[in-house]
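Asks: Could you work out the structure for the sequence below:
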Amino acid sequence: MGFSSPYTGRAFAAIGPLEPRTDTPTVDIHTTGGERAGVIADLLETLGIDLDDLLDPPAVEVGWWCLWRPDDNGVREIVARFSGRVKAGRALERFEGLHHRQMYWLERGAG
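Replies: Okay, the predicted model is just below:
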């Protein structure tokens, strides 16, 4: 099955069985070119997941997205940390949907 990143246009090919399995399913993902961390980050964004969703995550640093909010005294606090922007964005939407008086936002970087 072929697919491409809506962010970069990078093409991917997923090769593996699509029928139900009782063991841990595996799929090989192939692409051409690019440095490893960038390819993995692009794939995670394309699938809308992050490293925490992988059964056996690769040892690669793809950067972090931190979900922040101020506490009642105005001190910035990290609510959660994600290795994928798409998953971080979904978390931000969930928190904003709670209609708390706090403001929430995302920042790229260490957390």
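Asks: And the contacts of the helix-or-strand element of the chain with minimal mean pLDDT?
Replies: Among the helices and strands of the chain, strand 28-30 carries the lowest confidence by mean pLDDT, DSSP states H and E, at a mean of 86. Contact with strand 28-30 is made by 12-16, 43, as judged by C-beta atoms under 8 Å, 6 or more residues apart in numbering. Glycine gets a C-beta too; all of them are placed from N, C-alpha and C.
Asks: let's go with 6 Å and repeat that
Replies: 12-16 (C-beta atoms under 6 Å, 6 or more residues apart in numbering).
Asks: Relative to it, what are the paired strands and their orientations?
Replies: Here strand 28-30 is paired, per DSSP bridges, with strand 11-15 (antiparallel).
Asks: Distance from the very next helix or strand once past the least confident helix or strand of the chain to the middle of the chain?
Replies: Once strand 28-30 ends, the next helix or strand along the chain (criterion: DSSP states H and E) is helix 36-47. Distance, stretch centre to chain centre, for helix 36-47: 8 Å (C-alpha atoms, centre = their mean, to the nearest Å).
Asks: If you count contacts, what does helix 36-47 end up packed against?
Replies: Of the remaining helices and strands, none touches helix 36-47 by 3 or more C-beta pairs under 6 Å, 6 or more residues apart in numbering; DSSP states H and E.
Asks: CA atoms of that helix as CSV?
Replies: Extracted in CSV, the C-alpha atoms of helix 36-47 (Å, rounded to 0.1, in the frame of the first residue of the first chain):
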residue,chain,number,x,y,z
ARG,A,36,16.6,8.8,9.6
ALA,A,37,15.1,11.1,12.3
GLY,A,38,13.4,13.3,9.6
VAL,A,39,11.9,10.2,7.9
ILE,A,40,10.6,8.8,11.2
ALA,A,41,9.2,12.2,12.3
ASP,A,42,7.5,12.6,8.9
LEU,A,43,6.0,9.1,9.1
LEU,A,44,4.7,9.6,12.6
GLU,A,45,3.1,12.9,11.6
THR,A,46,1.5,11.3,8.5
LEU,A,47,0.0,8.5,10.7
